[in-house]
Every structure is written in C-alpha cells, then in structure tokens.
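Colleague: I'll drop the sequence and a predicted model, then ask my questions.
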Amino acid sequence: NAGVMQNPRHLVRRRGQEARLRCSPMKGHSHVYWYRQLPEEGLKFMVYLQKENIIDESGMPKERFSAEFPKEGPSILRIQQVVRGDSAAYFCASTLGSSYEQYFGPGTRLTVT
Amino acid sequence: GESVGLHLPTLSVQEGDNSIINCAYSNSASDYFIWYKQESGKGPQFIIDIRSNMDKRQGQRVTVLLNKTVKHLSLQIAATQPGDSAVYFCAERVYNQGGKLIFGQGTELSVKP
C-alpha cells in the first residue's frame, strides 16, 4: 500500500523559470493539502484541494502560485517565474477528509539559482 | 561578516533518559493537536495526537499532555533511543477551518549514545 508520492524529490530552477511539483495521494484519498517549509522553520499551509475543487487557498501567495487536483492524475503545485525566495521544501499531505489524519509525502526540495 | 538566521531550539539527552519537548500553541479555538517527527530529508511522520476534550494520551513510549488553560502541549518520550533523533513539531487544527494544520517552529532532539 504505497504512501503519498511526490516528484521530483529535488528540483533546480533558474530565476524566471516555472516549477511544477506533483503529488500523488494515498490510494482512496481524495483530499490534498500543500505546505511549504523554509529552512529551520515549521511547515506553513498553502492550499487545500479536493478532486477538481480548491477548498481553501488562503495560504497561497496571490501571484505566480497555482494548484490543481484533477479528476485523474496527481495534484500539481505550479510556481511561475520563480524567485530565490521560493527556494524551500514543499510537502503535500493526503487524507480521507478534513477531519482525518493527514499523511505526508517525502517533499520536493526546490532550489532557485 | 556575521550571518544571522533562525536556529531551532535543541534538546540533547542521553540514550535511555526521558525526553520532554514543549510547544505553545496559538489558537484557543483549536480542537485537535498532533506531534510529528521529521528526520532529515523526509516528510513529517505522525507520532501521536490528542483532542481538546482530553488532557493526556499515551502511546508506545510516548505521552502527550495538553494544558488548555495556558495553551501548552508537551511530548514525553520514555527511554529515548538514538533513532529518536529528529526534529519534532507540534501542530494544531483550528475548529471549522477546513482541516489545515498550523505548525510550531520545531525542536531538534539529539540523543547521545
């Protein structure tokens, strides 16, 4: 029973490029949360999605960031025109629903040069 | 020049001793609390949780205590082992806010053999 999968595990982008981060939830889970972690800090909530719906995007920066969770396929976190300050670890967590335990993936470490 | 940055609080214990990690949470409307363990390069791993209608919960070698009066949470690890070395985060879930987790800063636990 595979856990939450994220890819790529490491991603290097130059300033101005686009970054696409993928998250495949655990089997049977239709809810996904994305969090960002800066070095030596706790995780910060970004966005909560169900299949084909964004439920809460209160933690997303207003520009350049978007997320989707299509009916088929993984959830995608997209960062356009990356800047150095976007360098961080991005984690997704999947769950059966908002009142259930969240299971975290291994994260994608984004480095912007 | 001198570099300035955030540093995680650190707890150093001897193998076999008990460890206590503390956390102050922020929102009196939080109804659910979780402790996570994060090893280097990995995602957060669930350790133990507690609901706001409880003040103590025990697992295998771990105990969580909740003091709602002062908004304080603690994690006790009995007979600490080298494999317990990691960063530990508390997280809170605010009632009726869609399940997103609010993470504390984290404490780095170092176990000396």
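Modeller: Looks like it came in fine.
Colleague: Please make it C-alpha for all contacts and neighbour counts, starting now.
Modeller: Will do.
Colleague: how about the residue sitting nearest the centre point of chain A, phi and psi?
Modeller: Here the mean C-alpha position of chain A is nearest to the C-alpha of residue A:34 (Cα atoms, centre = their mean), at a distance of 3.9 Å. Dihedral angles phi and psi of residue A:34 (degrees, to the nearest 10) take the values phi -110, psi 140.
Colleague: For the chain, give me the ranges with low pLDDT.
Modeller: Since no chain was named, I'll use chain A. For chain A, the stretches with pLDDT under 70 are A:1.
Colleague: um, chain B though
Modeller: Short version for chain B, where the test is pLDDT under 70: B:1-7.
Colleague: Near chain A, which residues of it? Just list them.
Modeller: Counting by Cα under 8 Å from any Cα of the partner chain, the positions of chain B adjacent to chain A are B:6-8, B:41-46, B:89, B:98-106.
Colleague: From those, which land in strands?
Modeller: Here DSSP state E is the test, and the residues of chain B next to chain A give B:45-46, B:89, B:101-103 as lying in strands.
Colleague: Would you mind measuring from the residue lying closest to residue A:31 once chain neighbours are set aside to residue A:76?
Modeller: The shortest distance from residue A:31 to any residue that is not its chain neighbour, by Cα to Cα, 6 or more residues apart in numbering or on different chains, is 4.5 Å, and that residue is residue A:50. Distance of residue A:50 to residue A:76, given as Cα to Cα, to the nearest Å: 12 Å.
Colleague: and what of residue B:37?
Modeller: When distance is defined by Cα to Cα, residue B:37 is 25 Å away from residue A:76.
Colleague: Then residue B:95?
Modeller: Distance from residue B:95 to residue A:76, by Cα to Cα: 27 Å.
Colleague: neighbour count winner among those two?
Modeller: Higher neighbour count among residue B:95 and residue A:76: residue A:76, with 20 against 15, using other Cα atoms under 10 Å in any protein chain shown.
Colleague: So that one is in contact with residue A:21, correct?
Modeller: Yes - the pair residue A:76 / residue A:21 is scored as a contact, 5.6 Å apart, by Cα atoms under 8 Å.
Colleague: partners of the residue nearest to residue A:31 in the sheet?
Modeller: Beta-bridge partners recorded for residue A:50 (DSSP bridges): residue A:31, residue A:53.
Colleague: Residue B:36 too?
Modeller: With DSSP bridges as the criterion, residue B:36 is bridged to residue B:46, residue B:89.
Colleague: What is the neighbour count of residue B:55?
Modeller: Neighbours around residue B:55, by other Cα under 10 Å: 13.
Colleague: actually residue B:86, not the one I wrote
Modeller: 18.
Colleague: cool, and residue A:57?
Modeller: Neighbour count for residue A:57, taken as other Cα under 10 Å: 17.
Colleague: quick one, what contacts it?
Modeller: With contacts defined as Cα atoms under 8 Å, 6 or more residues apart in numbering or on different chains, the neighbours of residue A:57 are A:46-48.
Colleague: any chance of these in TSV, plus neighbour count and secondary structure?
Modeller: TSV is the format used below for those (neighbours: other Cα atoms under 10 Å in any protein chain shown; DSSP: H, G, I helix; E, B strand; the rest coil):
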residue	neighbour count	secondary structure
A:46	23	strand
A:47	24	strand
A:48	28	strand
